[in-house]
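K.L.:
predicted model, plus sequence, below.
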Amino acid sequence: MSSTSALEQTINKVLSQKEADLIGQLDSAYQESVSNLESSRTRLESEYARIVEGAKKQAENLRRQIIGSSRLAARNKQLVLIETAVNDAFEKAKAKLAASNKEEIYKDLVTKMLEDSFSVIGSDPVIVQCNSNDFDLVKKVISNVSTNKKPGVTLSDKPINIIGGIRVKSSDGSTTYDNTLDSRIERFKPLIRKNIVQMMRGEK
């Protein structure tokens, strides 16, 4: 064999080995790329699912907020309607009571108010207050009641701004008992409100 043929064989052998190494490296790189791509695809799918889930939760929270706001607005409107109805009933009751102060039954009511007030205040001298329309009536009632049950009763000559009834306080001002029609009606407000709510709900 000539030296030239031997050299060619050596070169071919080296080239073949290098080619095999190169193909092996390329195949390894290809497999690594495929693996990386698959891993990236899995991560992307996971990220996509996370984003979608987050969007769903955000949409659900927004839906709940909208529903909550609507319910709150409806509740506030209902409360306004109830309070308006209560105030209307309150004003009608005030007008009716204000018109009844000339009736005999009103005299009996004032008498009972005085007796109750005397029991609350005690044995101290008291000052009775009323509005200007009831002054003469309360004066007569005081005369009848105090003669028998409660000496030391003074009717104030300064009228107070009320529908009717009386306000009684001890002479030293330490104790006051509000027995006016206004305060009595005010105490009925929760009951009126409850009845209106039941009517709105269709309850009996």
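P.N.:
It's in.
K.L.:
so what pairs up with T180 in the strands?
P.N.:
G165 (DSSP bridges).
K.L.:
number of nearby residues for it?
P.N.:
By other C-beta atoms under 10 Å, the residues close to T180 number 20. In short, each C-beta sits where N, CA and C put it, glycine included.
K.L.:
please give me every residue in contact with it.
P.N.:
Applying C-beta atoms under 8 Å, 6 or more residues apart in numbering to T180 gives the contacts 162-167.
K.L.:
any idea how far it lies from K194?
P.N.:
Distance, T180 to K194, by C-beta to C-beta, to the nearest Å: 23 Å.
K.L.:
picking up where we left off before, pipe the contacts of T180 into TSV and attach pLDDT, neighbour count and distance to I105 per row.
P.N.:
Below are the contacts of T180 laid out as TSV (pLDDT from 0 to 100; neighbours: other C-beta atoms under 10 Å; distance: C-beta to C-beta, whole Å):
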residue	pLDDT	neighbour count	distance to I105
I162	87	20	18
I163	84	22	15
G164	86	23	12
G165	88	27	13
I166	91	26	16
R167	93	21	21
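K.L.:
out of those residues, who's nearest V138?
P.N.:
Closest approach between those and V138, by C-beta to C-beta: I166, at 6.2 Å.
K.L.:
state the distance from the closest one to L109.
P.N.:
Going from I166 to L109 by C-beta to C-beta gives 10 Å.
K.L.:
swap in Y30?
P.N.:
Counting by C-beta to C-beta - Y30 and L109 are separated by 105 Å.
K.L.:
more crowded one of those two?
P.N.:
Set side by side, Y30 and L109 show more neighbours around L109, with 20 against 10, by other C-beta under 10 Å.
K.L.:
name the nearest residue to that one, ignoring sequence neighbours.
P.N.:
Nearest residue to L109, sequence neighbours excluded (C-beta to C-beta, 6 or more residues apart in numbering): G165, at 7.8 Å.
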